[in-house]
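**Student:** need coordinates for the below:
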Amino acid sequence: MEGARPRHVLLTGAPGCGKTTVMVAAVRLLQAAGRQVFGFWTEEMRQGGVRRGFGIELVSGVRGVLASVDRPGPPRVGKYGVNIQAMDRLAAPEVERAVAAARNMPGVIVAMDEIGKMELFSRSFQRAVLSAFDSPARVLATITARPHPFADGLKQRGDTRLVTVTQGTREGLPQEIAAWLLRD
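**Tutor:** As a prediction, the model looks like this:
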């Protein structure tokens, strides 16, 4: 991550490469360093070894269901019905809390996993994401590698560093990213 120092870090890569693992590990390092971290991550929901959907968990531990095979949709992504209300009720307000905190407290980090197709069905989440990128907070997020107009706009911002995670590079990335975001 050499060169000019953008304020925000976006992690991208193929599904299963470890983006979420890298982000969560970096969040733990940032918290251990005393930074106030807001945000969320997603996780697979499995039953009998079969993926049934995706959950969402705030840094504070509050949980919800983002998408499920049992949810009829629309919207749908593949076999999953997407719960836009989870993004509207959990993720968007969490990001907005971070933006408000960053106005009064230096060093706030907003962690978002993921800025992807399912999450971006929520217009309130889209607005919150833009607000976070334009606020004094620093953003650490995973983002879809696939083309998406909203995500592509974030990747092209001059204040954003895009890092591709691979199985070969992921091991040292949490420490590198945390050190990057701790520099003021």
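
**Student:** please enumerate the helices of the protein.
**Tutor:** When assigned using DSSP state H, the helices of the chain occupy the ranges 19-32, 84-86, 92-104, 123-134, 149-155, 173-182.

**Student:** any residues touching the second one, and which ones?
**Tutor:** This points to helix 84-86. Contacts to helix 84-86, defined as C-beta atoms under 8 Å, 6 or more residues apart in numbering, come from residues 56, 64-66, 75, 121-122. (C-beta placed from N, C-alpha, C; glycine too.)

**Student:** quick one, what contacts the residue most central in space within the chain?
**Tutor:** For the chain, residue 112 is the residue whose C-alpha lies nearest the centre (C-alpha atoms, centre = their mean; 1.9 Å). Contact analysis of residue 112 by C-beta under 8 Å, 6+ apart lists 39-40, 91, 95, 129, 132, 139-142.

**Student:** list buried residues within the contacts of helix 84-86.
**Tutor:** Neighbour counting over the contacts of helix 84-86 (16 or more other C-beta atoms under 10 Å) leaves 56, 64-66, 121-122 as the buried ones.

**Student:** now these as a markdown table including distance to residue 21?
**Tutor:** Shown next, in a markdown table, are the buried ones among the contacts of helix 84-86 (distance: C-beta to C-beta, whole Å):
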| residue | distance to residue 21 |
| --- | --- |
| 56 | 16 |
| 64 | 21 |
| 65 | 21 |
| 66 | 18 |
| 121 | 25 |
| 122 | 24 |
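
**Student:** restricted to strands, list those.
**Tutor:** Residues from the buried ones among the contacts of helix 84-86 lying in strands, with DSSP state E as the criterion: 56, 64-66.

**Student:** any idea which of the contacts of residue 112 has the most stuff around it?
**Tutor:** In terms of neighbour count, residue 95 stands highest of the contacts of residue 112 at 29 neighbours, by other C-beta atoms under 10 Å.

**Student:** low pLDDT regions in this protein?
**Tutor:** Flagging of the chain using pLDDT under 70 yields the residue ranges 1-5, 184.

**Student:** which one of the contacts of residue 112 is nearest residue 8?
**Tutor:** When those are compared for distance to residue 8 (C-beta to C-beta), residue 139 wins out at 4.0 Å.

**Student:** residues in contact with residue 36?
**Tutor:** Residue 36 makes contact with 101, 105, 107-109, according to C-beta under 8 Å, 6+ apart.
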